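*Asks:* Got a predicted structure plus its sequence, pasted below:
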Amino acid sequence: MSTRTRNTAAALAATAAISLLASACTGSTDTAANDDPKAKTTITFWHGWSAPSEVKAIQENVARFEKEHANIKVKVVGNMTDDKINQALRAGGSNAPDVVSSFTTDSVGKFCASGAFVDLKPFLDKSKIDPSKVFHKPLLDYTQFDGNQCSLPLLNDAYGLYYNKDAFKAAGITTPPKTWSEFEKVAEKLTKSKGDSYSQLGFMPNYHGYETTPMHYVSQWGPTYFDADGKSNIVKDPAFSKMLTFQKGLVEKLGGFAKLEKYRNTFGDEWGAKHPFHTGQVAMQLDGEWRLGMAKDAKVKFEIGTAPLPVADDQAADYGKGYLSGTIMGIASTSKKQNAAWELVKYMTTDTAAVVAFANGIHNVPSTIEALKSPQLKIDPEFKTFIDIAQHPKSSTTPANVDGGAYQVTFQDFGYQYEAGKVSDLKAGLEKTAQQIDTDIAKAK
């Protein structure tokens, strides 16, 4: 996933809107895969990366593919959003891509259900690839929907805890917290108020605090988003109410919502050198593996520590897990060159050397089981934290659904209301939110 596009509220809202466009796609996989994969051909590959180093890594990977597949040339088009992708797939024709890479895993349910991307199972079977032996389960969870494996993982994102080792030392804290009760004490100890603001905040708990989204928080309680009937489970599963209660309590302990929001408005851009973790405004940060490189590029004036996020106190044995997401790759149902397209998808998503080289090139976590273990993978001690999170058996993700990311937007919107004190009855609020989620999903089918 790009270091510019993450599961923020804006990204989720865009996903929900974009998913409506995908519903107009009606491509079929029954007759499209008739091309000869050994014939000379040119396929078009669209991706979302735009930073020079990222584009260079993509081009290098494609060049390696073309060297091994001399008959297939790849036309690469970068900086493509899901909006542009959906418009092209709806229109079809010669300008549409054959292969697509998307940063937005939340779109997978709609991509699969609408037929915008082809089901890759026939291609996997033909290549004798069992995806459950290539990828860890959370990655398969966010690349398929309702039995349709319409995409495959292309690199992985793991979320953990960054901390300022100098601030820890000054506060007499020797190790990162492993449970949320420990975390609460550490966050308070690291917080230094200054009038109606702070000279240092231990942690920004608010849901607008960049990656501190409800989905990233609640993963550490081991949630189940939907029951066996596909209905929202946020009322029945206590993980959601426990997370919301903890987060609201942390907001209050660190100064209250209004004071925290005022301080948050002084933060620099999430993707720039003035990120609050870089500047020392916050001593701990929930973030993905990409933050490590960005912090080092910003030449921070302190030693950086990384660790898994804390877990619920009654799940201490599961410490080390985290939220996983990533980039996905699929074949457009409008493509007339699906067999050739599969060769590129197969190479970039399942070839160990290709996955490792790409991960090294853009400093993301590899997406295959073998690549995570490769001796060619460049790992420093701080980055290893995220490699370990990616392999933890209890790490999880938000499941794909037919409504795209709309159910996450709805849950997140409730989180905003609850943390701000605009909703006082948590159970009633969750019940109303669950009803809205179920209604939206029913309409999306």
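*Replies:* Received it, and whenever you're ready, just let me know what you need. Note that this is a predicted model, so its numbers are computed, not measured. Numbering: from 1, shown residues only.

*Asks:* contacts for the helix or strand hosting Asp413?
*Replies:* For Asp413, the host element (DSSP states H and E) is helix 406-419. Helix 406-419 is contacted by residues 7, 9, 12-13, 15-16, 19, 106, 206-208, 213-215, 225, 232, 234, 240, 244, 247-248, 251, 257, 398, 401, 423, 426, 429-430, 432-433, 436-437, 440-441, 444 when judged by C-beta atoms under 8 Å, 6 or more residues apart in numbering. From N, CA and C alone the C-beta is placed, and that goes for glycine too.

*Asks:* What would it look like as PDB? C-alpha coordinates only.
*Replies:* Once non-C-alpha atoms are left out, helix 406-419 reads as follows in PDB (Å, rounded to 0.1, in the frame of the first residue of the first chain):
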ATOM      1  CA  ALA A 406     -19.700   1.300   4.100                       C
ATOM      2  CA  TYR A 407     -20.100  -0.800   7.200                       C
ATOM      3  CA  GLN A 408     -16.800   0.500   8.500                       C
ATOM      4  CA  VAL A 409     -17.800   4.100   7.800                       C
ATOM      5  CA  THR A 410     -21.000   3.600   9.700                       C
ATOM      6  CA  PHE A 411     -19.200   2.100  12.700                       C
ATOM      7  CA  GLN A 412     -16.500   4.800  12.600                       C
ATOM      8  CA  ASP A 413     -19.100   7.600  12.400                       C
ATOM      9  CA  PHE A 414     -20.700   6.200  15.600                       C
ATOM     10  CA  GLY A 415     -17.200   6.200  17.200                       C
ATOM     11  CA  TYR A 416     -16.900   9.900  16.500                       C
ATOM     12  CA  GLN A 417     -20.200  10.600  18.100                       C
ATOM     13  CA  TYR A 418     -19.500   8.500  21.200                       C
ATOM     14  CA  GLU A 419     -16.000   9.900  21.900                       C
END
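
*Asks:* Okay, helices next: where are they in the stretch 301-445 of the chain?
*Replies:* 338-350, 352-362, 369-372, 381-391, 406-419, 426-444 (DSSP state H, counting those that start in this stretch).

*Asks:* Tell me which of these lies nearest to Pro177.
*Replies:* helix 381-391 (14.3 Å; C-beta to C-beta).

*Asks:* For beta bridges, what are the partners of Phe117?
*Replies:* Per DSSP bridges, the residues bridged to Phe117 are Ala332.

*Asks:* And what about Ile43, helix, strand or coil?
*Replies:* With DSSP: H, G, I helix; E, B strand; the rest coil as the basis, Ile43 sits in strand.

*Asks:* For the closest residue to it other than its chain neighbours, give me the pLDDT.
*Replies:* Distance criterion C-beta to C-beta, 6 or more residues apart in numbering; nearest residue to Ile43, sequence neighbours excluded, is Asp98 at 4.2 Å. Model confidence at Asp98, given as pLDDT, is 96.

*Asks:* do Ala10 as well
*Replies:* 42.

*Asks:* Equivalent analysis for Val345, please.
*Replies:* Predicted confidence (pLDDT) for Val345: 98.

*Asks:* number of nearby residues for it?
*Replies:* Residues lying near Val345 (other C-beta atoms under 10 Å) number 24.

*Asks:* how near is the nearest residue to it once chain neighbours are set aside to Leu201?
*Replies:* With sequence-adjacent residues excluded and distances taken as C-beta to C-beta, 6+ apart, Val345 is closest to Met329, at 5.5 Å. Met329 sits 39 Å away from Leu201, going by C-beta to C-beta, to the nearest Å.

*Asks:* do the same with Asp403
*Replies:* In terms of C-beta to C-beta, Asp403 sits 35 Å off from Leu201.

*Asks:* same deal with Thr350?
*Replies:* In this structure, Thr350 and Leu201 are 43 Å apart, going by C-beta to C-beta.

*Asks:* So for the two, which residue has more residues nearby?
*Replies:* Leu201 (27 against 21).
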